[in-house]
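> What follows is a protein structure lacking sequence information:
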């Protein structure tokens, strides 16, 4: 029994695109890492795509539990936390020899955007936070015959940029003394690498791959802490009120391991699945200091994440030479552990692929995520207490995503 590997590969990518619409994946994950293009059998292949995600997480029963910088319990006790966003991706793959393939790509693996605003009881914890990233990668593989298939050794590296800001109400003060708003702007960059292996049997559209992506050390994060919205006449602030101060800090974006498996199960049918672990627990509390000093800390970002796990599976079917469809189900373990709103999610994805010729393929996919319920409040992680500014609940919410892409083979 033989299977068309070109179409089978397309089916796996199609379903993966649908699953990529996970709106509330753990930690700061947005597009993540994806090297599936490396396996395309074409000699030269270009691919571009974009995913639009519209999450809807609503915080309820919000209570200001720390009145040291003003009692905000007279403000709204509900808030819409999330903002919609786009995730672009561009890649190019070339078969340099019969055994060597290389792929260059641009992606945005990490990101977040919450914007509950200032008119809610938790404004002293967060009014708006936005994190973005750029990732420029080169990945190559060497393959050779082993038994009935081919074994592939994979290696590569990438340069990553991470930047963003956070705004919150630092002090509830009379208008004569300023707005009370503080803003932290940050940016940093670093390098990472990946290594992995895969085994493929073309005749059965079978492929299993295991890839490790290293952490990216952001040793020199720089930025500014803008507290000009608070008059220098207001007590406290360590002398930082009324001015904008350069700050610095350091952290690392997480390492990850992903196992992917696909196989033809009947003529025109493909089954696939994946398991991914991401070391989000290394992001706990990130302190920042005024440039030229080592203490005291000027401010900090509190995350208190736990490790992320993502499990996905699905089925694809080739309808005819031009059309294919696929569906997938994904479970993502939330990284919040009593502090924050990142609960478990269930994502149901579906998509369609249209191939008018052997060299051109269009894909359109959609996904719907169920964001499970939970609550946030004071939580102690590794001896440090988080979430003592506010407490809130959240119900089962929804997120929707749509993705489109174009692949051209030369």
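Structure's in. What do you need? Nothing here was measured: the structure is a model prediction, and the numbers come from that model.
> now the helices for the chain?
5-19 (DSSP state H).
> any weak-confidence spans in it?
For the chain, applying pLDDT under 70 flags the ranges 1-25, 175-176.
> Could you rerun that using 80?
Along the chain, segments meeting pLDDT under 80 span 1-25, 68-70, 172-177.
> contacting residues for residue 130?
Taking Cβ atoms under 8 Å, 6 or more residues apart in numbering, we find residue 130 in contact with 112, 113, 114, 115, 164, 165, 166. Yep, even glycine has a C-beta here, placed from its N, CA and C like the rest.
> As CSV, those with distance to residue 64 and neighbour count would be great.
Formatted as CSV, these follow (distance: Cβ to Cβ, whole Å; neighbours: other Cβ atoms under 10 Å):
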residue, distance to residue 64, neighbour count
112, 23, 19
113, 23, 17
114, 17, 20
115, 18, 15
164, 25, 20
165, 23, 17
166, 18, 18
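> of the residues you listed, closest to residue 210?
residue 112 (27.9 Å; Cβ to Cβ).
> For the closest one, give me its contacts.
28, 30, 129, 130, 131, 164.
> one more time with 10 Å
24, 27-30, 82-83, 85, 129-133, 164, 342 (Cβ atoms under 10 Å, 6 or more residues apart in numbering).
> and the two most separated of the contacts of residue 130?
Checking these with Cβ to Cβ, the most distant pair is 115 and 164, at 12.5 Å.
> okay if I get the contacts of residue 130 as CSV plus distance to residue 144?
Shown next, in CSV, are the contacts of residue 130 (distance: Cβ to Cβ, whole Å):
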residue, distance to residue 144
112, 42
113, 45
114, 48
115, 51
164, 43
165, 49
166, 49
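> Just the ones in strands from the residues you listed, please.
112, 113, 114, 164, 165, 166 (DSSP state E).
> So the first one versus residue 100, what's the distance?
Read it as residue 112. Distance of residue 112 to residue 100, given as Cβ to Cβ, to the nearest Å: 37 Å.
> where exactly do the strands run in the stretch 101-250 of the chain?
Using DSSP state E, counting those that start in this stretch, the strands found in the stretch 101-250 of the chain span residues 112-114, 128-146, 149-169, 181-201, 206-213, 216-226, 244-253.
> Output the ones you listed in a markdown table; the columns should cover distance to residue 284.
Shown next, in a markdown table, are the strands of the stretch 101-250 of the chain (distance: least, Cβ to Cβ, whole Å):
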| stretch | distance to residue 284 |
| --- | --- |
| strand 112-114 | 16 |
| strand 128-146 | 16 |
| strand 149-169 | 16 |
| strand 181-201 | 17 |
| strand 206-213 | 20 |
| strand 216-226 | 15 |
| strand 244-253 | 9 |
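> so which of these comes closest to residue 314?
Minimum separation from residue 314 across the strands of the stretch 101-250 of the chain (Cβ to Cβ) falls at strand 206-213, 14.7 Å.
> Quickly run through the sheet partners of that closest one, with directions.
strand 181-201 (antiparallel), strand 256-266 (antiparallel) (DSSP bridges).
> can you pull the contacts of residue 359?
42, 45, 407, 408, 409, 410.
> and the gap between it and residue 199?
Distance from residue 359 to residue 199, by Cβ to Cβ: 27 Å.
> So what would you say the end-to-end distance of stretch 386-395 is?
Using Cα to Cα, to the nearest Å, the end-to-end distance of stretch 386-395 comes out at 21 Å.
> from the middle of its chain, how far away would it be?
In terms of Cα atoms, centre = their mean, to the nearest Å, the centre of stretch 386-395 is set 22 Å apart from its chain centre.
> Mind listing what's buried along that stretch?
Neighbour-count burial for stretch 386-395, with 16 or more other Cβ atoms under 10 Å as criterion, is recorded at 386, 387, 389, 390, 391, 392, 393, 394.
> Using JSON lines, please lay out those together with distance to residue 230.
Listed next are those as JSON lines, based on distance: Cβ to Cβ, whole Å:
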{"residue": "386", "distance to residue 230": "24"}
{"residue": "387", "distance to residue 230": "24"}
{"residue": "389", "distance to residue 230": "17"}
{"residue": "390", "distance to residue 230": "20"}
{"residue": "391", "distance to residue 230": "25"}
{"residue": "392", "distance to residue 230": "25"}
{"residue": "393", "distance to residue 230": "31"}
{"residue": "394", "distance to residue 230": "30"}
